[in-house]
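A.B. asks: Generate coordinates for the sequence data below:
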Amino acid sequence: MNSGDFGLVVWDVDGTLIPADLRWLRRAIARTYAIAENAVNFPSKTVHGYTDESIVIDTAVASGISILEAEDGIARFENILVSIMNDGISELKRDQAPYPGALESILQVHERGYTQTVLTGNLRSAADIKLRSFNLDQHLDLRIGGFGSDDRDRFQLPTAIGRRYSRLYGRELDPSRVVVVGDAPNDISCARHAGFHVVAVTHRTQADELKPYGPDAILESLDPVKLISTIDALISRTSMT
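C.D. replies: Below is the predicted model of the structure:
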């Protein structure tokens, strides 16, 4: 079977594979805009499931920075974030270890024959650090991933995946053979916007909060058996229609 023939599984990172932690953004925003860390004010409604750049802009403004200064800081933000994360690798490994089943799920999805990548609001450089630190990248084709550095609007990231997939694999990406695994309402909405299937994991959001967004399935954890069974059912259902 050629790579990608069986289907594509697209992982969210923060809150799905590893716990979300705003400390890195908080420290980088504080340093970027020369404010105290305790002065960084994250807007509650525009954090989880959004892209890093959009979070930085909204947070900077909410923390008293003018919109012009907030935009100006984006040019230096990434280098600052990468430096902070590299300095904090031991802290990252200690406090953001993958959720139970994450590594095994990626391995078994790979062995099942699916191509895998990510769709994440993280800048590519930040995603690389997180995934590499826990060996989560071993079976992910990050060449076709969608990252917050591709576009500030998360809903545009599936287009980046489709474009890269087509260029690398020499065929168009069939949305009906793509399954996103995420944890936030915006993950679900983004997948639906692209015509992808979506499985939600209740790592930090309760099932009754996720149901209104219309995921195909909701899982309590990254149980590899349940996850693969769910993905297989979604892909095979598409093949029969």
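A.B. asks: what's the closest non-adjacent residue to residue 93?
C.D. replies: residue 133 (5.7 Å; Cβ to Cβ, 6 or more residues apart in numbering). From N, CA and C alone the C-beta is placed, and that goes for glycine too.
A.B. asks: hang on, I meant residue 52
C.D. replies: residue 148 (4.4 Å).
A.B. asks: picking that back up, report pLDDT for the residue nearest to residue 93.
C.D. replies: Listed pLDDT for residue 133 reads 98.
A.B. asks: Can you check which helix is longest in this structure?
C.D. replies: Longest helix in the chain by number of residues (criterion: DSSP state H): helix 67-87.
A.B. asks: before we move on, the earlier item: list the contacts for the residue nearest to residue 52?
C.D. replies: Taking Cβ atoms under 8 Å, 6 or more residues apart in numbering, we find residue 148 in contact with 51-54, 120-124, 154, 157.
A.B. asks: what's the answer for residue 218, then?
C.D. replies: Residues near residue 218 by Cβ under 8 Å, 6+ apart: 199-202, 207, 210-211.
A.B. asks: same thing but at 6 Å, please
C.D. replies: Neighbouring residues of residue 218 by Cβ atoms under 6 Å, 6 or more residues apart in numbering: 200, 207, 210.
A.B. asks: Report whether it is found in a strand, as I expect.
C.D. replies: Yes. Per DSSP: H, G, I helix; E, B strand; the rest coil, residue 218 lies within a strand segment.
A.B. asks: Pull out the buried positions in the helix or strand of the chain with the lowest mean pLDDT.
C.D. replies: Least confident element among the helices and strands of the chain, by mean pLDDT, DSSP states H and E: helix 224-240 (a mean of 86). For helix 224-240, the neighbour count (16 or more other Cβ atoms under 10 Å) marks 224, 226-228, 230-231, 234-235, 238 as buried.
A.B. asks: what's it packed up against?
C.D. replies: Other elements packing on helix 224-240 under the criterion 3 or more Cβ pairs under 6 Å, 6 or more residues apart in numbering; DSSP states H and E are helix 102-112.
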